[in-house]
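how does the following fold in three dimensions:
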Amino acid sequence: MSEDIEKTISELHIYEKKLLKELEANPDATPEVIAENTGMDIKSVMSAAGSLASKDIIEMQKDVEEVYSLTDAGREYAEKGLPERRILNVLAKKDHIGMKDLANETGVDKKETNIAIGWLRRKNWAQIDKGVVNITDLGKGFASKMDIDEETLDYLKANADGVKLFTDDLMNGVKKLAGRKNILNVKRETSHSFTILPKGEEILKHGFEIKEQATQLTHEHLKDGEWKSLEYRPYDINAEAPVVFAGKKHPLRVIIDEIREIFLNMGFSEDNGEYVESAFWNFDSLFQPQDHAAREMQDTFYLKNPLTCDLPDMDLVKLTAETHETGADTGSIGWQYDWSEDIARQSVLRTHTTGISTKHLFEHEPPIKMFSVGRVFRRETFDYKHLPEFHQVEGLVCGEGISYQNLLGTLKEFYKKLGFEVRFRPAYFPYTYLSTESEIYLEEKESWIELGGAGMFRPEVLKPLGINQPALAFGMGIERLAMIRYDVEDIRMLYKSDLKWLRELPIDQGVRL
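Okay, the predicted model is just below:
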């Protein structure tokens, strides 16, 4: 036990020793007294006290007292009387006053009249009947004596430096005055006291010497040879240190950046597109009929400004219209309806990033390997797995000889770099055929879950764009991946700015490459 005490003493800072010695001589000493007697500043005293308390050598008590004083307005009320008192004084002589004459008869400012009437009625000193203020019997009784809030106001006036302690009655008056605006100042004064604990008593009993100790070795110490005579303070490697929250990327940004790196390493180039897009690129270019349910306002954000967007090359528009109406030369019969340019011009917040792929196909010659990562917008109801705004990643490969096998191989490589085992199952998407959904295996849940969709673009999509080579496309929602990676059950957590969660999330907990 003696060795433990000696070790503890050797690790004490000189300020801790000074404070402990002062408490031995003066157990009731406040931080201010200790600072004066030891030559330390208050900050050093409190720091030393906190350190001693963390080692169970002393105990710190904190006491917070509220000090009440009058504001300038409060002092004016104390001199002139509260507005309702000034009205009551006049009512005691006249019994009643017309509301329109109240300000002139009583000298109460018009701005304060309504407040005063409210307090008169609340205190039952007066009642209002047909525009006339009448004094009550209770009001007549208070005409010659003070109410409790007036007594409190008078008491605070007599103690201009502020009051900490009140009788129960006066405290009720304080509460009443606090219910009014700009009458009371409330200042909180914090005081500390210390108590030596048994471990501290044992340290004092053992005894120690107070002398300066070196905490670091400097160039001057080495140069002058002073290091030979210095006493070095030992360090406690087990002492608590403040938690440092390093700056880091938001978890969604981590995943987005690492997905971009995967695509770039696989030889893809990046395209971004625009948030505001025409219905032509967002829907029509993907062979989605103009009466499709996904185009309804319940699912899509349509804009008033701009109300419409320009259509692209008219040859493309004409071929797209023919494909929708009759199938043109794609081998399809189309959707068999009259396609409308006006509907195609509508402005929308893009509902997916696939429109970026069709525009890229139109603007570039194959072979093409392109990806995009961006925000998309849908009229979803907020809940634990849906948001009206989220991120989507899209991949596109177009070239001679591209096949469904290339699609599966590309997906396997992509998900492998994400750190997942993947399997595929047939699916339906309106603008791809063949189509598939990718499922990844989660070891901790021992189950497969769907993460993304993919397929070969239909001829009805490619032909109007002037593309005569096969093209594969795949995509997924980044928030869904983030929920899996960060074990989040509510998608809203990713956008809540929960600082505790963001700080505690490990920096290296990102997508595994």
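
doesn't residue 381 belong to a helix?
No - read with DSSP: H, G, I helix; E, B strand; the rest coil, residue 381 is coil and lies in no helix.

what's the weakest-modelled helix or strand in this structure?
Ranked by mean pLDDT, DSSP states H and E, the weakest helix or strand in the chain is helix 102-106, scoring a mean of 75.

so which bits of that helix are buried?
102-103, 106 (16 or more other C-beta atoms under 10 Å). Yep, even glycine has a C-beta here, placed from its N, CA and C like the rest.

can I get those residues in CSV including distance to residue 77?
Formatted as CSV, the buried residues of helix 102-106 follow (distance: C-beta to C-beta, whole Å):
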residue, distance to residue 77
102, 18
103, 17
106, 15
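
between the residues you listed, which is closest to residue 399?
residue 103 (88.4 Å; C-beta to C-beta).

quick one, what contacts that closest one?
Listed by C-beta atoms under 8 Å, 6 or more residues apart in numbering, the contact partners of residue 103 are 109-110, 113.

tell me, how many residues neighbour residue 357?
Neighbourhood size, residue 357 [other C-beta atoms under 10 Å]: 29.

report the secondary structure state of the nearest residue to residue 166 once chain neighbours are set aside.
Closest residue to residue 166 apart from its sequence neighbours, by C-beta to C-beta, 6 or more residues apart in numbering: residue 174 at 6.0 Å. Three-state assignment for residue 174 (three-state DSSP): helix.

I figured residue 174 hits residue 167, correct?
No - here residue 174 does not reach residue 167: they are 10.4 Å apart, not a contact under C-beta atoms under 8 Å.

what about the residue nearest to residue 430 when sequence neighbours are not counted, how many residues close to it?
Once flanking residues are discounted, residue 430 sits nearest to residue 288: 5.7 Å by C-beta to C-beta, 6+ apart. Neighbour count of residue 288, defined by other C-beta under 10 Å: 19.

so what's residue 288 up against?
Applying C-beta under 8 Å, 6+ apart, the residues near residue 288 are 294-295, 430-431.

circling back to that earlier point, residue 111 versus the residue nearest to residue 166, what's the distance?
Per C-beta to C-beta, to the nearest Å, residue 174 is found 25 Å from residue 111.

and these two? Which one has more around it.
Between residue 174 and residue 111, counted using other C-beta under 10 Å, the more crowded position is residue 174 (21 against 9).

contacting residues around that one?
Applying C-beta under 8 Å, 6+ apart, the residues near residue 174 are 68, 152, 166, 184.

against residue 445, how distant is it?
For residue 174, the distance to residue 445 equals 59 Å [C-beta to C-beta].

thinking residue 300 is in contact with residue 376, fair?
No - applying C-beta under 8 Å as the test, residue 300 and residue 376 come out as separate, 10.8 Å apart.

shared neighbours, those two?
349, 351.

what about the closest residue to residue 176 other than its chain neighbours, neighbour count?
Take residue 176 and drop its neighbours on the chain: the residue closest to it by C-beta to C-beta, 6+ apart is residue 149, 4.0 Å away. When counting by other C-beta under 10 Å, one arrives at 25 neighbours for residue 149.

who are the packing partners of the strand or helix carrying residue 149?
Here residue 149, judged by DSSP states H and E, is contained in helix 148-158. Using 3 or more C-beta pairs under 8 Å, 6 or more residues apart in numbering; DSSP states H and E, the elements in contact with helix 148-158 are strand 58-70, helix 72-80, helix 168-178.

sec struct for residue 306, please.
Once three-state DSSP is applied, residue 306 turns out coil.

distance of it relative to residue 300?
For residue 306, the distance to residue 300 - C-beta to C-beta - is 16 Å.

can you give me the helices in the stretch 351-500 of the chain?
354-363, 404-418, 459-462, 478-485, 499-504 (DSSP state H, counting those that start in this stretch).

any chance of these in a markdown table, with mean pLDDT too?
Formatted as a markdown table, these follow (pLDDT from 0 to 100):
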| stretch | mean pLDDT |
| --- | --- |
| helix 354-363 | 95 |
| helix 404-418 | 94 |
| helix 459-462 | 96 |
| helix 478-485 | 89 |
| helix 499-504 | 86 |
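
ok, back up a step: got the angle for the helix holding residue 149 vs helix 168-178?
Angle between the axes of helix 148-158 and helix 168-178 is 90 degrees (criterion: axes from the mean of the first three to the mean of the last three C-alpha atoms, to 10 degrees).

helix 148-158: how far from the chain's middle?
45 Å (C-alpha atoms, centre = their mean, to the nearest Å).

what's in contact with that helix?
With C-beta under 8 Å, 6+ apart, helix 148-158 has contacts from 68-70, 74-75, 77-79, 81-82, 85, 146, 163, 166, 169-170, 172-174, 176-177, 183-184.

neighbours of residue 226, how many?
Neighbours of residue 226 using other C-beta under 10 Å come to 13.

that one contacts residue 220, doesn't it?
Yes - with contacts counted by C-beta under 8 Å, residue 226 reaches residue 220, the gap being 7.2 Å.
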